[in-house]
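Trainee: sharing a model prediction with you, sequence too.
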Amino acid sequence: MGKVVKITDLEMITHDVLRVTFEKPKGYSFIPGQAADISVNQPNWEDKKSCFTFTSLPEDETLEFTIKTYPARQRVTNKLLSSQVGDEIILQDAFGDIRNQGEGVFIAGGAGVTPFIAILKVLEQKGAVGNSKLIFANKKAEDIIDKKFFSNILGDNFINVLSEENKKGYENGYITTEIIKKYVDGNSDTYYLCGPPPMMNAIDESLLSIGVNKNKIIKESY
């Protein structure tokens, strides 16, 4: 049984990314990198669930999701676009295999970057970002989620790859074995992967091909 909570803030942080803040039920817990299913507490929407990753930290007083929206889809993301502060959502328990294992190479596609927001917040808090890198794939520069946040934490270790735009300071195309080798020094790092399954499967194969131990690869089990 889910917990009914009220939305406390809604903010568009890019042209299609919505940040939703909502009440934290007493005793609710999650591990940075994990996600939860939610639905909207309105007639005909209570059973329509979608999964989103927490981008707040466990000790924060409220909970937060950073959500890529798709207005054409009649799903929870679309419904949230028309929601207001005070509206209710139904929150389920947290789950997920991606969690903080310390400094590493983060590889993400689109909204797949959201688990890494919470993990990098934790690493920054502990002074443990080290030589972590984020290789982030998007279609265009305007699609990059939390660009300022990642730039501030990672500096030159924030690498963006754009498939539909060729801009100075950005890699063009897709995340390939060559791009990974260009920015990664060795194979002893911990690798975090999150994005569309076909992309992650291809990157998983790339990492194994350059000698990365599969036990060093952290990703969701599909």
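Mentor: Ah, there it is. Everything numeric in this text was worked out from a predicted model, so none of it was measured.
Trainee: use CA for all of it now, contacts and neighbours both
Mentor: Noted.
Trainee: now the nearest residue to Asn78 once chain neighbours are set aside. Its backbone dihedrals?
Mentor: Leaving aside its sequence neighbours, Asn78 sits nearest to Pro71 (CA to CA, 6 or more residues apart in numbering; 5.0 Å). Phi and psi for Pro71, reported as degrees, to the nearest 10, are phi -60, psi -30.
Trainee: can you read off the pLDDT for Pro71?
Mentor: Looking at Pro71, its pLDDT reads 72.
Trainee: what residues are up against Phe158?
Mentor: Under the criterion of CA atoms under 8 Å, 6 or more residues apart in numbering, the neighbours of Phe158 are 133-136, 150-151.
Trainee: for Lys48, state which of these is nearest.
Mentor: Phe136 (29.7 Å; CA to CA).
Trainee: starting at the chain centroid, how far to the host helix or strand of the closest one?
Mentor: Secondary structure from DSSP states H and E places Phe136 in strand 133-138. Per CA atoms, centre = their mean, to the nearest Å, the displacement of strand 133-138 from the mean C-alpha position of its chain is 11 Å.
Trainee: and the least confident helix or strand in the chain by mean pLDDT, how far from the chain's centre?
Mentor: Counting by mean pLDDT, DSSP states H and E, the chain has its least confident helix or strand at helix 76-81, which shows a mean of 89. Counting by CA atoms, centre = their mean, helix 76-81 is centred 18 Å from the centre of its parent chain.
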